[in-house]
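Engineer: what would the 3D arrangement of this be:
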Amino acid sequence: MAIEERVGDVLRDRGESVAAAESCTGGLVGSKITDVPGASDYFDRSYVTYTNAAKLEELGVPREPLDAEGAVSEPVAAAMARGARDGAGVPWGVATTGIAGPDGGTDDKPVGTVYVGVAYGAPWGTGGSRCAVERYVFDGSRVEIKAAIADRALADLVGAAEGS
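Structural biologist: Numbers count the residues shown, from 1 in each chain. Here you go, the predicted structure:
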């Protein structure tokens, strides 16, 4: 079963939905989710926030982590996931921010580096809201890296939803 189908099965079973915040994937996460018929049952929207200004304006990502650590960082991925979740008013937010290449990498953040954030908003008063971010490095062409990132983001979302 394709990962995008698994996302649908898990979220539909839970009666929950997701919003995506995408930088390096440029809408590919949302596109993959909507490749599945009936995705409107569990997919709300995708924010494509390629620039720092877009991350700030659309998702409320604070300037401080963007300035201090750059867009490709754990705190920015977390803020993006939370911003998508809260901005859309849905239980789940998934975010991607990375370097798809072929240029732009550094020793600390080589081409293929990505941070994937998954945020869950539990019912008010339960104290169960949370956000997790993972760092990955993928190899390949720009298109291959973007595809790997999108699949990994969906797999992380499924893992988080199944674990809650």
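Engineer: which other residues reach stretch 118-137?
Structural biologist: 74, 77-78, 81-82, 84-86, 90-95, 110, 112-117, 149, 152-153, 156-157, 160-161, 164 (Cβ atoms under 8 Å, 6 or more residues apart in numbering). To be clear about C-beta, it is placed using only N, CA and C from the backbone, and glycine gets the same treatment.
Engineer: what helix or strand is the residue sitting furthest away from the middle of the chain on?
Structural biologist: Of all residues in the chain, Gly125 has its C-alpha farthest from the mean position, at 25.2 Å, by Cα atoms, centre = their mean. For Gly125, there is no host helix or strand (DSSP states H and E).
Engineer: what's the pLDDT at it?
Structural biologist: Gly125 is assigned 96 on the pLDDT scale.
Engineer: now do Arg6
Structural biologist: 98.
Engineer: per-residue confidence at the closest residue to it other than its chain neighbours?
Structural biologist: Nearest residue to Arg6, sequence neighbours excluded (Cβ to Cβ, 6 or more residues apart in numbering): Val158, at 5.2 Å. pLDDT for Val158: 98.
Engineer: what do you get for Ala79?
Structural biologist: Per-residue pLDDT puts Ala79 at 98.
Engineer: roughly how far does it sit from Ser73?
Structural biologist: According to Cβ to Cβ, to the nearest Å, Ala79 stands 10 Å off from Ser73.
Engineer: correct me, but Phe138 touches Ile145?
Structural biologist: Yes. Look at Phe138 against Ile145 with Cβ atoms under 8 Å: they come within range, at 4.8 Å.
Engineer: on that earlier part again, now which of the contacts of stretch 118-137 would you call buried?
Structural biologist: Applying 16 or more other Cβ atoms under 10 Å to the contacts of stretch 118-137, the neighbour count classes 74, 77-78, 81-82, 84-86, 90-95, 112-117, 149, 152-153, 156-157, 160-161 as buried.
Engineer: what sits closest to the residue nearest in space to the middle of the chain if chain neighbours are left out?
Structural biologist: Centroid check for the chain by Cα atoms, centre = their mean gives Ala95 as the closest residue, at 1.7 Å. Leaving out its chain neighbours, the residue that sits closest to Ala95 by Cβ to Cβ, 6+ apart is Met80, at 3.6 Å.
Engineer: okay, now the one you found: neighbour count?
Structural biologist: 33 (other Cβ atoms under 10 Å).
Engineer: wait, isn't it in contact with Gly98?
Structural biologist: No. Look at Met80 against Gly98 with Cβ under 8 Å: they stay out of range, at 11.4 Å.
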